[in-house]
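> Below: sequence and its predicted model.
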Amino acid sequence: MTTSIADLVSSHPLLAGLPGDATTTVAGCARNVAVEAGELLLAENDPADTLYLVRRGQVAIEVHAPGHGPVLIETVGPGEAVGWSWLFPPYRWHFDARALEPVGVVAVDAVCLRAKAEADPRLGYELMQRVAGVLLDRLQMTRLRLLDLYGGGGGA
Amino acid sequence: MAPVLHRIVERRQETTDVTTLTMVPVEGSTLGFCNGQFNMVTALGVGEVAVSISSAAGAGGPLVHTVRDVGAVTHALCETRVGAVVGVRGPYGRGWAVPDAPAPGAVGGDVVVVAGGIGLAPLRGAVSDLVDGGGAGGRRVFLAVGAREPSQLVFGQDLARWSAAGADVAVTVDVARAGWTGHVGLVTALLDHAGFAPAGAVALVCGPEIMMRFSARSLLDAGFAPESIQVSLERNMQCGGAWCGHCQLGPFLLCRDGPVLPYGGRVAGLLLERER
């Protein structure tokens, strides 16, 4: 049985349960992509033109540091999404994203998605609410990591 | 209760500042305990400190304590060599309440274990009894472990063995180093897509208190009932017998009523109390 791209979109937690025919609308901008281990999904300063919905495999969010090579900042796995800079001008990636293993993603054309969201504010609001929820989670996790929770402390 | 002298029979350096000591009584046999309880361990001539038990209650072997070097007493314990003697009194407190294995043919709820840093030490015995000792009885065991960086991970051999034995083991670090290909991020991120079923499940959580609060919230968001989440709390345990009051947290004296308490009820609110 072949799984349609709409099925893949609706089965991803970020876009599951979209109202009305929004799933079909988003699916019109999406394609199923396989990424080899080590391959970059996106690179710093390149145009931010895709939202990646991870279906399988782990993706590393990295930044290149002179003399150190890529520094791994965070990993993103199945059920999560990669790439937010497509939402905001100047639409450039701030980090690299590299497949740590064979990765399956639904790649959503961000230019197409932005155009549809602008044409249908209900869809745009729905997408923005969902993306904002994920961004909030990421921000809170980043804040907690800044605390160095497992660091030292006074004791007997 | 007077300390019972124990001789160190094995010493393992887990990380630069964490040491695991295996010990047996100088006389007599090892006292029974429950997973999650703690002992007051004495570095002779230096002082006494509360240390959770990291051996498995069901295994019946020697006593194991894992100590982080954070002060004078723990430093002395971490420096203790094989053959040396330490004092042990206990065990104290209440440990993890893991439901018995389901009857043959029945399906039991998942067991979800969340550990941060050296917080894996008080959980080690419970996981070992479930996975090594067969206590899971067909239940799925999920273990989410967080550490600051790969070199700070403790019990690496146990994690590998539990994974090979069928437990769903996921490890994440806050800061990756060259060569690390595992997860990077907060331990709660491991819970978001772990695949456990919250209905009938039990969660055991131990680590820095902030981590436990956020882990408990993630588990609640995932559908766990508050009373099904257990956390191991730490305060200034001194007497171990609920006399001195140093370990008081609201209505609880943690050396007697804890260290393991259900997150539901009063604990969730108490963990948000500001110190005055």
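Now that the structure is in, tell me what you want to look at.
> OK, contacts around the closest residue to A:Pro47 other than its chain neighbours?
Residue nearest to A:Pro47 in three dimensions, not counting chain neighbours: A:Tyr91, with 6.0 Å by C-beta to C-beta, 6 or more residues apart in numbering or on different chains. All C-beta spots, glycine's among them, are computed from the backbone N, C-alpha and C. Contacts for A:Tyr91 (C-beta atoms under 8 Å, 6 or more residues apart in numbering or on different chains) come out as A:Pro47, A:Ala48, A:Asp49, A:Ser85, A:Ala110.
> Chain B contacts on chain A?
Contacts of chain A with chain B, taken as C-beta under 8 Å from any C-beta of the partner chain, map to A:13, A:58, A:60, A:69, A:71-75, A:77-80, A:100, A:140-141, A:144-145, A:147-156.
> For PyMOL, what selects the buried ones among those residues?
A single PyMOL command selects the buried members of the residues of chain A next to chain B (16 or more other C-beta atoms under 10 Å in any protein chain shown):
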select buried, chain A and resi 58+60+71+72+73+74+75+77+78+79+80+100+141+144+145+149+150+155+156
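> Could you list which of the residues of chain A next to chain B belong to helices?
A:Gln140, A:Met141, A:Leu144, A:Arg145 (DSSP state H).
> Can you tell me which of these is nearest B:Val205?
A:Leu144 (14.8 Å; C-beta to C-beta).
> Would you mind measuring from B:Ile39 to chain A?
I think there's a mix-up here, since residue B:39 is Asn and not Ile. B:Asn39 sits at a distance of 14 Å from chain A (criterion: C-beta to the nearest C-beta, to the nearest Å).
> my read: that residue touches B:Tyr92, true?
Yes. Counting by C-beta atoms under 8 Å, B:Asn39 does reach B:Tyr92; the two are 7.0 Å apart.
> tell me, what's touching these two both at once?
Counting by C-beta under 8 Å, 6+ apart, the residues touching both B:Asn39 and B:Tyr92 are B:Ala50.
> So for the two, which sits in the more crowded spot?
B:Asn39 (28 against 24; other C-beta atoms under 10 Å in any protein chain shown).
> which residues does that one contact?
B:Phe33, B:Ala50, B:Val51, B:Ile53, B:Leu63, B:His65, B:Val88, B:Arg89, B:Gly90, B:Pro91, B:Tyr92.
> Out of these, name the ones that lie in strands.
B:Ala50, B:Val51, B:Leu63, B:His65, B:Val88, B:Arg89, B:Gly90, B:Pro91, B:Tyr92 (DSSP state E).
> show me where pLDDT drops low in the chain?
Just so you know, I chose chain A. A:1, A:152-156 (pLDDT under 70).
> You answered for a different chain; I wanted chain B.
B:276.
> repeat that with 80
By pLDDT under 80, the low-scoring segments of chain B are B:105, B:178, B:193, B:273-276.
> nearest spatial neighbour of the residue nearest to the spatial centre of it, skipping sequence neighbours?
Nearest to the geometric centre of chain B sits B:Pro122, at 1.9 Å (C-alpha atoms, centre = their mean). Sequence neighbours aside, B:Ser52 is the residue nearest to B:Pro122 in space, at 3.7 Å (criterion: C-beta to C-beta, 6+ apart).
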